[in-house]
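The amino acid sequence is not available; the structure is as follows:
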Ligand SMILES: [Zn+2]
């Protein structure tokens, strides 16, 4: 007999003058907690929300076809923060706190700690966890799987997504309150997926990310194999090894190269233009052969700002 | 003498600068720093810096050593009425000691720590935020208590809160300085976006008194104050809102409350009903109270030191 998707209200709270705040989860399959997927945690993570909505849509179909492996269950939470998205704020509108920096949460604490606690309780106990994340510095990335180095990070499973890169990085004090960090400490194999964009929906990178998630689900045996587009042999790097290229001057930023471009030492990566007379203040030069992993994507740039991260070869 | 410790270009015809006023007298002597403005919506430190720069500047012959005043560690935040750094996700007080190879904010944090490090005393002045009203207090991490409480007592604040260590707090300016053996005391008082003159005058006196006891200041300081309440160990009760709504209270902080005493009510303006009553569960000293009336479930309403 085929099961059907079950919707659950994970958290509900009244507000002073708005509608109730609700977090909704979608369960698929039955049995052992195999995989949990979390979408938008911040109000501008529209791409992340869209990807999750597509996953819910396709998982419904997969479940109806009986393609979820017997004895496995999947949870998808498309949004942890509909209130902020509805008013175009990145963080919790009342106090500008970031739900993603409140984990593992505290159910007797402040509002966003309570929200984090409810989310964390719902997410606890899953074997694998995927968060569709955004970075604290605005910019464009090569789509990748990112993991904090906690000693529990699982690089081999991260490769199964078949994304271009798998990266690891050393947590700093402010990272210890992230979902990914706490998930790992509570024995979930946690992966943050950076699909390249945040506040806009880019169909190309969305499709790549959705495929990557289904590929991982197939390769770990959570769903049965179906044809997908071609995968990559992931390059695994420690983020500390990336070369940082900074802005020699402030001004108007004109990017010459995009993520995933191969570049050589001495190549011009961007121009910085004088905002008054239109002359080129300087060219931003690459200093080693490699692949562009990250680029700044705003029209203006501060002096010394981080503009590019290069994976050197 | 005004010194610039950070100066970089902003995109359109402006420089981002962090400046300090260095007042020096005598050949020897200690170095005392007063810093504020990490959080752009906390303004009491502005008046304290003004008063100190004025008093010590006019009477520099009474100074024996160096006083360095940094009124604006986050100048763009102050000018845009925001707690954080414009266009940056993280609270500036969560990225210390910074990183010379990181983002602009991390580079700035690094430059600040490098400049202050090695001082004989640092006072980091905060002003609560828009949401909470605070009794004038000094906050000290439990692992620095033995070393720093004797200095804190000389500031003459009402309250000294020795709080637990938390990993996220390792990234504060105070922790980063204390970790390099540079003593740093964090002062919290008042409420965000406003200046309480009485509290500022008290802190100015307290700072001059501390400078005097360290041999840096030869001027007179009236010290008629009562000794600070020192709160050590796990004796602080946090009251959080049980319901969302509008908080109404008649109380101010800095008073003793009794178990069962009503702190305020959370009401529903649409239906005209009381949604919940905030009551003290303990006998104690109320040192924090909610200032901003709109609250959600979980909003912090009060902190009480339960003696
Ligand atoms: Zn502050």
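It's in. This one's a predicted model, so the numbers in the text were calculated from it and none came from an experiment. Numbering: from 1, shown residues only, chains lettered A, B, ... in the order given.

tell me which parts of the stretch 101-250 of chain B are close to the ion?
Residues of the stretch 101-250 of chain B lying close to the ion (CB under 5 Å from the ion) are residue B:126. C-beta here means a position set from N, CA and C on the backbone, and glycine is covered the same way.

Pick out the residue of the stretch 101-250 of chain B closest to the ion.
residue B:126 (3.3 Å; CB to the ion).

where do the helices sit along the chain?
No chain specified, so I'll use chain A. Counting by DSSP state H, chain A has these helices, from start to end: A:46-64, A:82-86, A:111-123, A:155-159, A:179-185, A:203-219.

let's do chain B instead
Under DSSP H, chain B gives helices at B:44-58, B:75-79, B:104-116, B:145-153, B:173-179, B:197-213.

List the contacts of residue A:152.
By CB atoms under 8 Å, 6 or more residues apart in numbering or on different chains, the residues touching residue A:152 are A:184, A:185, A:187, A:189.

Show the contacting residues for residue A:199.
A:44, A:45, A:46, A:47.

what residue is smack in the middle of the chain?
Because you didn't say which chain, this covers chain A. Nearest to the mean C-alpha position of chain A, by CA atoms, centre = their mean, lies residue A:133 at 2.2 Å.

Let me rephrase: I mean chain B.
By CA atoms, centre = their mean, the most central residue of chain B is residue B:126, 2.2 Å off.

Any idea how many residues pack against the nearest residue to that one once chain neighbours are set aside?
Closest residue in space to residue B:126, ignoring its immediate chain neighbours: residue B:188 at 4.9 Å, by CB to CB, 6 or more residues apart in numbering or on different chains. Counted by other CB atoms under 10 Å in any protein chain shown, the residues lying close to residue B:188 total 24.

I figured residue B:188 hits residue B:124, correct?
No. Using CB atoms under 8 Å, residue B:188 is not in contact with residue B:124, being 9.7 Å away.

who touches the nearest residue to residue B:172 once chain neighbours are set aside in this structure?
Nearest non-adjacent residue to residue B:172, counting by CB to CB, 6+ apart: residue B:93, 5.0 Å away. Contacts for residue B:93 (CB under 8 Å, 6+ apart) come out as B:38, B:39, B:171, B:172, B:173.

repeat for residue A:232
Applying CB under 8 Å, 6+ apart, we find residue A:232 in contact with A:162, A:163, A:164.

wait, doesn't the second one sit right on residue A:143?
Spelled out, that is residue A:163. Yes. Counting by CB under 8 Å, residue A:163 touches residue A:143, with 5.4 Å between them.

about what we covered before: how far away is the residue nearest to residue B:126 from residue B:295?
20 Å (CB to CB, to the nearest Å).

Residue B:29: how many residues sit nearby?
Residue B:29: 17 neighbours (other CB under 10 Å).

Count residues in the vicinity of the closest residue to it other than its chain neighbours, would you?
Among residues not flanking residue B:29 along the chain, residue B:65 sits closest, at 2.7 Å (CB to CB, 6+ apart). Neighbour count for residue B:65, taken as other CB under 10 Å: 20.

Distance-wise, check residue B:65 relative to residue B:71.
On the measure of CB to CB, residue B:65 and residue B:71 end up 20 Å apart.

What of residue B:2?
Remark: distance between residue B:2 and residue B:71 (CB to CB) = 11 Å.

Any buried residues in stretch A:195-210, and which?
Neighbour counts over stretch A:195-210 (16 or more other CB atoms under 10 Å in any protein chain shown) mark A:195, A:196, A:197, A:198, A:202, A:205, A:206, A:208, A:209, A:210 as buried.

Give me the distance from it to the chain's centre.
Between the centre of stretch A:195-210 and the centre of its chain there are 10 Å (CA atoms, centre = their mean, to the nearest Å).

just stretch A:76-83 next, same as before
With CA atoms, centre = their mean, you get 14 Å for stretch A:76-83.

so the longest strand along chain B versus helix B:104-116, what angle?
With secondary structure taken from DSSP state E, chain B has its longest strand at strand B:14-25. Put simply, strand B:14-25 runs at 10 degrees to helix B:104-116, going by axes from the mean of the first three to the mean of the last three CA atoms, to 10 degrees.

quick one: is strand B:14-25 near chain A?
Yes. Applying CB under 8 Å from any CB of the partner chain, one finds strand B:14-25 touching chain A at residue B:16.

for that strand, packing partners?
Helices and strands touching strand B:14-25, by 3 or more CB pairs under 8 Å, 6 or more residues apart in numbering or on different chains; DSSP states H and E, are strand B:2-10, helix B:44-58, strand B:65-70, helix B:75-79, helix B:104-116.

mind running it again at 6 Å?
Contacts defined by 3 or more CB pairs under 6 Å, 6 or more residues apart in numbering or on different chains; DSSP states H and E place strand B:14-25 against strand B:2-10, helix B:44-58, strand B:65-70.

Check the offset of that strand from the chain's centre.
20 Å.

Tell me which strands that strand pairs with, and in which orientation.
Partner strands and pairing direction for strand B:14-25 (DSSP bridges) are strand B:2-10 (antiparallel), strand B:65-70 (antiparallel).
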